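Pasting the sequence and the predicted model now:
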Number of protein chains: 2
Amino acid sequence: MLVPFRVPQEDTRAMPTDRLFSRRDVNFLLDEWLDVTELTRRSRYADHDRETFESLIDIAEQIGTEVFAPINRLLDEQEPRMGADGAVIVPVELAEALRRFGESGLIASTFDDELGGGQLPYLVRAMCGAYLAAGSVAAYAYPFLSEANANLIVAHGTPEQIATYAVPIIDGRWFGTMCLSEVQAGSSLGDITTVAVVQDDFSYRLTGSKMWISGGDHELSDNIVHLVLARTPGAPVGVKGISLFIVPRFLPDESGDPGERNDVELAGLNHKMGYRGTTNAVLAFGGGYRTPLGRPGAVGFLVGEVGRGLEIMFSMMNEARIGVGLGAVALGSTGYLHSLEYARTRTQGRPATAKDPSSPQVPIIDHPDVRRMLLAQKSYVEGGLALVLFCARLVDEVRCARSVTEREDAESLLGLLTPIAKSWPSQWCLKANDLAIQIHGGYGYARDFPAEQFYRDNRLNMIHEGTHGVQALDLLGRKILRGGSGLRLLAARVHGAIEDATTLGGEPARHAERLAEQWRSLERAIAVTADEDIAPILANASAGLEAIGHLVVAWIWLEQEVVAENKAGDFYDGKRAAAAYFFDHELPTVSSLLDIIARRDRLTLDLDPAVL
Amino acid sequence: MLVPFRVPQEDTRAMPTDRLFSRRDVNFLLDEWLDVTELTRRSRYADHDRETFESLIDIAEQIGTEVFAPINRLLDEQEPRMGADGAVIVPVELAEALRRFGESGLIASTFDDELGGGQLPYLVRAMCGAYLAAGSVAAYAYPFLSEANANLIVAHGTPEQIATYAVPIIDGRWFGTMCLSEVQAGSSLGDITTVAVVQDDFSYRLTGSKMWISGGDHELSDNIVHLVLARTPGAPVGVKGISLFIVPRFLPDESGDPGERNDVELAGLNHKMGYRGTTNAVLAFGGGYRTPLGRPGAVGFLVGEVGRGLEIMFSMMNEARIGVGLGAVALGSTGYLHSLEYARTRTQGRPATAKDPSSPQVPIIDHPDVRRMLLAQKSYVEGGLALVLFCARLVDEVRCARSVTEREDAESLLGLLTPIAKSWPSQWCLKANDLAIQIHGGYGYARDFPAEQFYRDNRLNMIHEGTHGVQALDLLGRKILRGGSGLRLLAARVHGAIEDATTLGGEPARHAERLAEQWRSLERAIAVTADEDIAPILANASAGLEAIGHLVVAWIWLEQEVVAENKAGDFYDGKRAAAAYFFDHELPTVSSLLDIIARRDRLTLDLDPAVL
């Protein structure tokens, strides 16, 4: 069954279209590069066609532009706060926007038919999410996390848990959260101390507190389904002792509706640099504030097996991290398009060659340094979008593989690329936002213009869902040095692009040669002898992540250049210009990073902290 | 006469010392490198000794730590707003902090004896300013701008103007502003339209509006002296038609006290990403809100000659830009020291080699990637401080030169280094703040910790007092390609350091060789043939600025390394480690930037804006 996608009723258009993403670029990537239509030949997606995809993206663009973007600044200014009764107060405009989003049916779109979902490709859904995040990343965080929550329950819960907790989220009535971090355990999740004790009826009672919980408490939905990591008594220390629990804010009554309030209490709100519209809570579980079923303690229900909590949580990690990358790209993209419009219309100064002070001032896009800042943004934003959508298509490949080998290969490549898809846009689309501020000059620093908020919102992305440093260790340690076939598969794809580009000659061939050369440097840098101590490589994992990220995006630009070859017009010329920028101004920076790895630099590894 | 420096009365110490700057580093730079005591042998500074300098810095550190820093977050949260009567409302804590600062006499410290000043070296005063900015850049902005204002009046005003307007500022009773920008004229000051019409009594009446005026309106001082750029009727278009005027908020009465209110009105407040504690105003001059001397029009008084306004304003530009660089360093430094303290005390995770989950968590400074982020900050912050203090000493050299050649040389070198001293810390100490956020993880993104505010405050520095792009054109265009002897003088100093380091052997010699090699690349890259079109170089001026900035700071690290040679202890080992970081992780990035200049890259110069 296809979800009946409903177009929002009112038109409150507050900004022009094409200020979130260039739709031309989106279609280029989906059709000319990723061949999204091919997915309709997979049985899972056979009910769909390209027009369904287009109309879904239309709706996401419309909600992003007309519902989310107009309240984005307001959500920043009117941060959630705690009322006298301990409840979270958010602007009514947020509730209204989420209601209109809920009506669209978008949240259900990728779930299975049988769950009331639309069974749409993840790739298409990812692009929709990008439009929504570009409209307001803080508003979109609520449904984004809820969807991830429901996905996890669907994948690992019992049929009853799915019916009770996932379906109301898919229907858009309930929201969900992920409760991992504690005060003393952020990156180091093995050190959590929240405890879950089994009861006679096989339910659990949880005690402990969790922090940084996005969407942790509010009155925006009928119920909130918390997914909580906790330890069972006597469980082994470290990650092997962690289990996962469903802890609903309201315990469902016999008809499945929200009933008695659980012993989960808002202990405080975190106030952040950006992303302010998303409630960020400290939650007390089992603090004795309520007495569900007659006594204190937060009632929870085990998901999957005891001791497998972190593993289950991380089974969704690829998609969560791709989601972070998409959010970073979304903020980068809307910042780019806003600064592009500003540069076309703001007049200031005159060209270096025409200094007659009585001549009219020119649009600042006429200054080469402004064009540099725009072209750099374009190369980061369109490169980042392509990277993340490539990964999203791999998610579909995993789901719809036609053979075990095909699935394993897609999984390996996705596993390798995920830390890059999370961290590269978090770093470089943030840099894009920084350039968008700079193009606006003083106005970029003023809160009347959106550029500075995009930057503040985006700054979270290098931190949450695994910091940059965590991603770097994942890529270098787990995926490359101890890793499976991911790098080999990537190399094959990179060399395929190099071959195609070389055949074309001209600029693509020149770029291909540069990429080939840098790729050889990478291979030399990470070649490890059998008895070698890899500590110096891991100590410089961040340099490795940054270098490999740039190599991957260079490859992606090369593929785009190949697709654009022999096609005429501003759009394709823009692709060629952005590719040229990336190859001539960005790729060369990789050498010094790879050299750090290649020489096994020990500076930070051996550094005595006392000298700092 | 020495100003009687008064220590603030109450002790409201809210943070430990050494959280703004490392005093050990400050003394290293002043004594072991810049030989601050030598300045006492110049006649202007002959009344002073090293102890005076020390006690002045003590006071600045104390005010920064105990008066400014404790209200820094409050100033961010309680932004100036317009009351019902049109007056600006700021927290009373700001007024109290500025009162206590005023009592210290610091603002008078560099002015001449005869004006009631302390005639202290600019170098010492700069370091004091850095401590104050590190405490609260938003609070310090008021006296910082006032001092610059008084400096300009002292240099270019009539004796009567000095007595009437500069002396009350030097005494700490009045504040001052600089009114340059208008809505349509930010970087392009030649396009301002505010008009000043001469009156029978040789006063002027001004009409027009100015924006981005820091400290533009408030009740914090008895009067505000605006220095306003405006055009006289019939003046030539462009910069040659601009004159400079003193426009006081209150016209002084016959005894010199604030009398009748001038026709200068607050038209609005700008709300910014950071620096929120500094009132940022749109001002209407001559809008007819008041009728000074019986009729509307803002009464102003010409400073210097008609048509020389921009020139006069820019005569103070070196010091203003060094001040920006110092502010950037100050924010970088306090961010570094806060994140260092956090990294020493926050426990999280375990070393890669000790994965026993029951072992206690380690301080995060034990993770090499955290040490990398600290060492990078140290190299940016201490390198930036050294750069800016070197320039500050050049200001003293210019003031106290013992010969015309000595003065001209100091001026040339200062002129060359000023755009770098403004922009390099603005870029890299901002990067330091970004790393400080990252070290704090989620806490770095939370407004309960100061790291994110340091970042937001610092982000202004790449924009005001000439954007990064403007600095780049100044350096490449005016100072290098069309430039005098600055680069030759710098090269001589750089090669002196290379020689010294080479003689020492070991690491300094290795670093010297790298610097020599990159310096040769620079010289090749900027060597211009007689008939060459320099447009491709100017189009890439930002790359040039960044490359030359890194080369300059590498030279400065080399000099520090030479000074530290053969000295033992953590402090000197830290200097060596930071130098090693800069040479091994930062300097190599210069190659790809210089290559852009060397190959005369035309990508952004020739780019058709339509393809963006």
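Right, received. Where do you want to start?

near chain B, which residues of the stretch 351-500 of chain A?
Within the stretch 351-500 of chain A, the positions near chain B by Cβ under 8 Å from any Cβ of the partner chain are A:352-353, A:357-358, A:361, A:365-372, A:374-375, A:378, A:437-438, A:441-442, A:444-448, A:452, A:455-456, A:459-460, A:462-464, A:467-469, A:472-473, A:477. All C-beta atoms are positioned from the backbone trio N, CA, C, and that covers glycine.

Going along the chain from the strand with the most length in chain A, find the next helix or strand for me.
In chain A, ranked by residue count with DSSP state E as the criterion, the top strand is strand A:204-214. Remark: after strand A:204-214, the chain's next helix or strand is strand A:224-231, criterion DSSP states H and E.

quick one, that following strand and strand A:204-214 angle?
Inter-element angle recorded for strand A:224-231 and strand A:204-214: 110 degrees (by axes from the mean of the first three to the mean of the last three Cα atoms, to 10 degrees).

and strand A:224-231, what's its mean pLDDT?
What strand A:224-231 shows for mean pLDDT is 98.

Summarise which helices and strands the helix or strand following that strand is packed against.
Sequence-wise, the next helix or strand downstream of strand A:224-231 (DSSP H and E) is strand A:242-248. Other helices and strands packing on strand A:242-248, by 3 or more Cβ pairs under 8 Å, 6 or more residues apart in numbering or on different chains; DSSP states H and E, are strand A:204-214, strand A:224-231, strand A:298-303, helix A:309-315.

The shortest one to strand A:224-231, inter-axis angle?
On the basis of the same axes, to 10 degrees, strand A:298-303 is oriented at 80 degrees to strand A:224-231.

pLDDT at the nearest residue to residue A:612 once chain neighbours are set aside, what is it?
Spatial nearest neighbour of residue A:612, excluding adjacent residues (Cβ to Cβ, 6 or more residues apart in numbering or on different chains): residue B:374 at 5.1 Å. pLDDT recorded at residue B:374 is 98.

what's the answer for residue A:317, then?
pLDDT at residue A:317 comes out at 84.

What count of nearby residues applies to it?
18 (other Cβ atoms under 10 Å in any protein chain shown).

Pull the contacting residues for residue A:524.
Residue A:524 sits next to residue A:598 when contact means Cβ atoms under 8 Å, 6 or more residues apart in numbering or on different chains.

Quickly find the element holding it.
Under the criterion of DSSP H and E, residue A:524 resides in helix A:506-526.

Flag every buried residue along that helix.
Within helix A:506-526, the residues that count as buried by 16 or more other Cβ atoms under 10 Å in any protein chain shown are A:508, A:511, A:512, A:514, A:515, A:516, A:518, A:519, A:521, A:522, A:525, A:526.

just to revisit the earlier point, moving C-terminal from the helix or strand harbouring the residue nearest to residue A:612, which element do we reach first?
Secondary structure assigned from DSSP H and E places residue B:374 in helix B:368-399. Remark: after helix B:368-399, the chain's next helix or strand is helix B:404-440, criterion DSSP H and E.

middle-most residue in chain A, spatially?
residue A:324 (1.7 Å; Cα atoms, centre = their mean).

OK, contacts around the residue of the stretch 201-350 of chain A found nearest chain B?
Distance from chain B to each residue of the stretch 201-350 of chain A (Cβ to the nearest Cβ) is smallest for residue A:238, at 2.6 Å. The contact partners of residue A:238, by Cβ under 8 Å, 6+ apart, come to A:190, B:357, B:358.

so where do the strands sit in chain A?
Along chain A, counting by DSSP E, strands occupy A:81-82, A:88-89, A:175-179, A:195-198, A:204-214, A:224-231, A:242-248, A:250-252, A:258-261, A:264-269, A:280-285, A:298-303.

now those as JSON lines including mean neighbour count?
Output for the strands of chain A, formatted as JSON lines (neighbours: other Cβ atoms under 10 Å in any protein chain shown):
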{"stretch": "strand A:81-82", "mean neighbour count": "14"}
{"stretch": "strand A:88-89", "mean neighbour count": "17"}
{"stretch": "strand A:175-179", "mean neighbour count": "26"}
{"stretch": "strand A:195-198", "mean neighbour count": "20"}
{"stretch": "strand A:204-214", "mean neighbour count": "23"}
{"stretch": "strand A:224-231", "mean neighbour count": "27"}
{"stretch": "strand A:242-248", "mean neighbour count": "26"}
{"stretch": "strand A:250-252", "mean neighbour count": "17"}
{"stretch": "strand A:258-261", "mean neighbour count": "16"}
{"stretch": "strand A:264-269", "mean neighbour count": "20"}
{"stretch": "strand A:280-285", "mean neighbour count": "24"}
{"stretch": "strand A:298-303", "mean neighbour count": "25"}
